[in-house]
Structures are given as structure tokens and as C-alpha cells.
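Participant: please find the sequence and the predicted model below.
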Amino acid sequence: MRYIDVFNLAYRTVISHKLRSILTALGLIIGIASVIVLTSIGRGVHSYVLSEFTQFGTNLIAVFPGKTTTLGLSGATISTVRPLSLADAVSLSKLDSISAALPLVQGNARIEADKKQRRTTVLGVGAAVPEIWKIKVAQGRFLPKNEQANPRAFAVLGHKLSVELFAGRNPLGQRIRIGSDRFRVLGVMEKKGQMMGYDMDDTIYIPTAKALDMFDREGVMEIDLLYNSKIQLKQVEKEVKRLLQRRHGREDFSIITQDQMLKSMDSILNVLTLSVAALGSISLLVGSVGILTIMTIAVSERISEIGLLRAVGAERGMIFKMFLSEALVLSFIGGVVGIFLGIFIVQMIKFAMPVLPVQLAWFYILAAFIISLLIGVIAGVIPAIKAAKLHPLDALRAE
Amino acid sequence: MIELENIHRTFQVGEQSVHALNNINLTINKGEYVSIMGPSGSGKSTLLNVIALLDQPSSGIYSLNNQIVTQLDDNQLAQVRRENIGFVFQFFHLIARYSAAENIEIPMILAGVPIQERKQRVADALLAVDLQQRATHRPDQLSGGQIQRVAIARAMIMQPQILLADEPTGNLDSKSGEGIIELLENLNQKQTTLVMITHDEALGSRAQRIIRLIDGKIV
């Protein structure tokens, strides 16, 4: 018996019970489609989040004051953490492996320009912001270099803040007031959008030293380091650690590399995609039970047909193949239609809700298709064995 | 060509064993026309099933074309059936979702005959049973006599040497039954060995040889 005939017979049998076959395949169609839609959302969220975190450049290391360890001592005795200072940042920037250092202080203050006021995020930063955070200056220029210790009172506006305060007027050279101090606007940054709900455009950049004074802080909150991509991250980390240990006398700081962050983010998001895929697979399982049910019924209602086929010379193996391929045809149809439905729904989501990040996960689509075929095999095998085992004479007598 | 030697067939029915065939010795030659007759329960269906290789005797030797077939395994039996034996059943056994032509085609599909050859042979077979106008009709669109003619065309499509018929007219009115018998007898005249079960005396007596069975024995 030729395979093309086996599949042709199976296909004809499947389409001869149209409604029944459609309903059976529907379980699988819904399952496959939901796996595709869910994993597409998962994948979309995944790449959305990662791009949010890398839009401020790569090859970044952040140093935070304080060591995140638990000690068996009271809080008072260990609060001897030395703050990270501007001098630390300057000395870090002189390392060969570090191409730029950015001491960061963040706070919130009232900005006044002419008669307008706005409360906004104040970022005390160094000159290296455009380089490290990959954010460009749209107008004017950024804070000048080599003024870490005793900077002039310059400020650079975020895009939104500039629009809010100056509404179309040229802000360059304008005098503004931040808290109680006076600053001159040196530049305006390009539009950067939100990052994880935090509006990067509604900010103002001032020199770190000014921010330290303004918020009355001893040390910076973090130092962002841009390292030379040609040098191994481990090596860079080691050098930074050694330098700060020498300066502070002990390890009272923490280093978080972007790599670590991205890696843990990546694994979290992979688990997310995997778990939505697992949720979708439940419907695949239900779909496979549908095929199993229908194939079991098909065998018992066609016992006399099996008897006839055996009488006219079908071997057990042929009967087995015929029923197995019916299950395969069902699952193949379910799989293909499910994939098209899933892709269609994903495109509709993209079209209807452009903000929702969806991205077709081809790996999961391929996996879903293979699983649907596997389901066909698994759900088909038991009924097919049952059909093949029938004794021809008993089967012929069954009515 | 069909040689049965000391064939016994016993069934276990509950705690009782039923001796359906009791020491059958029978030789049927090529081209013969044999009818098997007997009251119900006499074992004539069991005998036909043994000859048809659908049932294995409990003891005894059956050789078909000088080949002992009592020792063959399931797949070999299927192959012998496919190549040597055609069946006509009382209840037709057509597959309801297939057309007349497709029902006739099935044994060739099982045997792996190429599709062009299948189409040609189906067309010839439909012509031989005078149903060329009904090729695409499904069984529920055919009369009883037409259905049985489709079944005969299916039985003969592999050109078997032996045609076994189990009460082929049992479910037909006498007029269609007559047509079916003529068709079978025509095939017999073309050297097909015809073995037919019937309990209709008139029908049975048309055969060259009548085998009468009572309680599993040839009398």
C-alpha cells in the first residue's frame, strides 16, 4: 500500500465528516493559536523590556555606595559606609579600561522660568551623559567637561521640560531658577520617551556638584561607567573594584554590570514567555484529548469496515497506518489552521493596539506545529492499535 | 486447488465446546462451481470462513494451490486473501462514504496498484457488471442488486481464482437475486472457482456439486 494512498484515504475520510472533523480540529486550532498569540506577547514584552534597558547604551557598569551583604551587627556599627564621591568618579574615569564616568545624583525640585513653574526630576550629572546614555543634544550643547569640582551654573533641559517652560521660544541662554539657585540654559536634549514609565524628557540636567549642594548630599547615588568594549567585562570589574577598595580602604560599594542586569532580565522574561507557552499548551492538551476521543469513536463505528478491509487483504500494519494517518491529517489541519489563525490574531493586535508589544515567536510557532503533529501521533496510536488488533472475522460480523 | 484434510474447528461457548467442523475432507478443483448447503448452525459459514482464510481450523491441513496455508502468519494470510480470494457477502459490506468506483478500487489500493492502472481496471469492472452509469454513486444511492454487483466487481478486481459468496442473494428480491446469480455463474464460466453458501434449494442445485453439511459433517 502506497503512502500517498494511505494519506489520500485518510484525508477523504476526514473531510467526509466535515462538521465532526472541524469540531475536533477546533480544539487544536484554538490551542495552537493561543500558544502563538501568548508567546508573541511574551516575546514582544521581552524585546520591549530589553530595548528599554539598552536604549541608554551598552557596556555599562554602575557602582552604588554600600555593600549589599547581611552582617550580624547592629545598624549603627555598620553605617560607616563611605559615600561615593566626585573624586571617586574622576579617578575611575582615569582607568585605562574606562572611557567615561558619570557621577549621578537625582532629586526633585521646582524649576522657574519667567512666570512658569514646574516640578521635575533633577539629574546631577557629568559631561559624559550623551556618550554614556546614548542621548543626543538637540539644541546648544551639553554641560562642559573638566568642571567636576567647581562647575558653573549651567543646566540642560529635557525635551518635554523645554516645551513646557519655553513653549516654542528659544530656551538657549535663558536664565532659570532651580529651587533657590539660578542657572543658565546651555542646551536642550532630544526626545527620548519613557523608560519603564519614567519620562526621560521631563528632566533637567545640572552638574553633579551643584546637585549635591542642592539636595544636601554627601555623596553621589551611583556612578555609571562606560567601559571599553574591547576589554573583558570581568577584567574591568576587577580594576574598578581594586581602585575603589584602595580609595575606600574596604569594599563598601556594589558593582552592578549591565550584563548581569540584562542577563537576569532576560532569564526572567524567558520564564515569562515559557510560562505563557505552558498555559497555551493546556489548550493543546485539551485539543489532543478531542482527537483521541474522535479517533476512538471512529474505530468503534467502523469495525465492520475494518473487517471488510482485512478480508480483502489489508494487513494489520495497513489498518494501523490508515487510522494513525487520519489522526495525523486532523492534527495537521488543526496545526496549520491554528498557525494561520494565531498569526492573524497577532497581526490584528498589532494593528488595533500598536502600543502593545507583540512579536511573532517563530521558535514557538515551529514548536507548536511539531507538537500538533506529535499530538496527532500520540492521540492516534492507541485507537490505531485497537483497530489493527481486531480479528477480521469478528470485525466483519460486527454491525 | 482447495484441499481440506481432517479439518476440525471447535469453539468455546461458555463452558461448552462446540464442534463446528468435524473432520472435513474436501477438495475443490479449479473452475468448479460448488454450493454449500445445510441448516443454520450446520457449520457452513465456518467452513467458508476457513476456506476464506478468515478463520483458522483447530486442527487439520488446508492447502491452497499446493501451499499449506494453515501455518501462515497474519500478514501472509492477508496477502493470500488479497491475491487469491474474492468475497461476496450477504450484507454487501460496501463502505458507505465511498462511491461505487472507489469501493471497487479498495483492494487495488491495498495491493499498491498504481493509480492509472486502478482507474482503467475500475472502468472495466464497472462495465462488466453493467454499472458504468453509477460509478460516482454512493451505496445509499444504489439499489440492493446494484450494490451487490458493485461488491462482485470489488471481489473480482484483483482477478482472484476463487470467488466465495455467502448467501449473496439473501438480502435481495428474487429478480435482482437472479441477476446476481447469473453474474456469478458467468464468472465461473470464465474459470473462476465459485463456492457459494445458500439454503435456497433451487439456487444450490444449480451448482455442479452440492456439499451438504449437518452438525459440522459433510453428508
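Facilitator: Everything's here; your move. Residues are numbered from 1 along each chain as shown, chains lettered A, B, ... in the order given.
Participant: can you map out the strands along the stretch 201-350 of chain A?
Facilitator: Secondary structure of the stretch 201-350 of chain A by DSSP state E, counting those that start in this stretch: the strands cover A:203-207, A:222-227, A:253-257.
Participant: nearest to B:S40, out of these?
Facilitator: strand A:253-257 (90.8 Å; Cβ to Cβ). The way it works is simple: take the backbone N, C-alpha and C, and place the C-beta from them, glycine included.
Participant: and the longest helix for chain B?
Facilitator: Counting by DSSP state H, the longest helix found in chain B is helix B:174-189.
Participant: how far away is the residue in chain A positioned nearest to chain B from B:G112?
Facilitator: For chain A and chain B, the shortest gap (Cβ to the nearest Cβ) falls at A:G313, measuring 2.5 Å. Separation of A:G313 from B:G112 (Cβ to Cβ, to the nearest Å): 11 Å.
Participant: and for A:P103?
Facilitator: 81 Å.
Participant: which one of those two has more residues nearby?
Facilitator: Using other Cβ atoms under 10 Å in any protein chain shown as the criterion, A:P103 and B:G112 rank with A:P103 on top: 30 against 11.
Participant: what about the more buried one, which helix or strand?
Facilitator: Here A:P103, judged by DSSP states H and E, is contained in strand A:98-113.
Participant: can you name the element that comes right after that strand?
Facilitator: Following strand A:98-113 in sequence order, the next helix or strand is strand A:116-125 (DSSP H and E).
Participant: find the closest residue to chain A in chain B.
Facilitator: For chain B, Cβ to the nearest Cβ, closest residue to chain A: B:R82, 2.5 Å.
Participant: isn't that residue right up against B:V113?
Facilitator: No. Look at B:R82 against B:V113 with Cβ atoms under 8 Å: they stay out of range, at 10.7 Å.
Participant: which SS state does the residue positioned nearest the centre of chain B fall under?
Facilitator: The centroid of chain B falls nearest to B:L164 when counting by Cα atoms, centre = their mean (2.1 Å). Under DSSP: H, G, I helix; E, B strand; the rest coil, B:L164 falls in the strand class.
Participant: residue nearest the middle of chain A, spatially speaking?
Facilitator: Centre-nearest of chain A using Cα atoms, centre = their mean is A:H46, 1.2 Å out.
Participant: quick check, it in contact with A:V271.
Facilitator: No. Checked against Cβ under 8 Å, the pair A:H46 and A:V271 is beyond contact range at 10.3 Å.
Participant: ok and the very next helix or strand once past the longest helix of chain B relative to strand B:162-166, angle-wise?
Facilitator: Following helix B:174-189 in sequence order, the next helix or strand is strand B:193-197 (DSSP H and E). Taking axes from the mean of the first three to the mean of the last three Cα atoms, to 10 degrees, strand B:193-197 and strand B:162-166 form an angle of 10 degrees between their directions.
Participant: which residues touch strand B:193-197?
Facilitator: Contact partners of strand B:193-197, identified using Cβ atoms under 8 Å, 6 or more residues apart in numbering or on different chains, comprise B:1-2, B:28-37, B:44-45, B:48, B:51, B:161-168, B:184-185, B:187-188, B:203-204, B:207.
Participant: what packs against the helix or strand harbouring A:I30?
Facilitator: Using DSSP H and E, A:I30 falls within helix A:18-54. Where contact means 3 or more Cβ pairs under 8 Å, 6 or more residues apart in numbering or on different chains; DSSP states H and E, helix A:18-54 is packed against helix A:258-301, helix A:316-352, helix A:362-389.
Participant: mean pLDDT, mean neighbour count and distance to chain B for those - can I get that in JSON lines?
Facilitator: Shown next, in JSON lines, are the helices and strands packed on helix A:18-54 (pLDDT from 0 to 100; neighbours: other Cβ atoms under 10 Å in any protein chain shown; distance: least, Cβ to the nearest Cβ, whole Å):
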{"stretch": "helix A:258-301", "mean pLDDT": "87", "mean neighbour count": "17", "distance to chain B": "11"}
{"stretch": "helix A:316-352", "mean pLDDT": "93", "mean neighbour count": "21", "distance to chain B": "6"}
{"stretch": "helix A:362-389", "mean pLDDT": "90", "mean neighbour count": "19", "distance to chain B": "10"}
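Participant: can I get those in a markdown table with distance to A:R246?
Facilitator: Shown next, in a markdown table, are these (distance: least, Cβ to Cβ, whole Å):
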| stretch | distance to A:R246 |
| --- | --- |
| helix A:258-301 | 23 |
| helix A:316-352 | 53 |
| helix A:362-389 | 47 |
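Participant: is it true that B:G60 lies in a strand?
Facilitator: Yes. According to three-state DSSP, B:G60 belongs to a strand.
Participant: show the contacting residues for it.
Facilitator: B:G60 neighbours (Cβ under 8 Å, 6+ apart): B:L4, B:E5, B:N6, B:I7, B:H8, B:N23, B:I24, B:T70.
Participant: now those: which count as buried?
Facilitator: B:L4, B:E5, B:I7, B:I24, B:T70 (16 or more other Cβ atoms under 10 Å in any protein chain shown).
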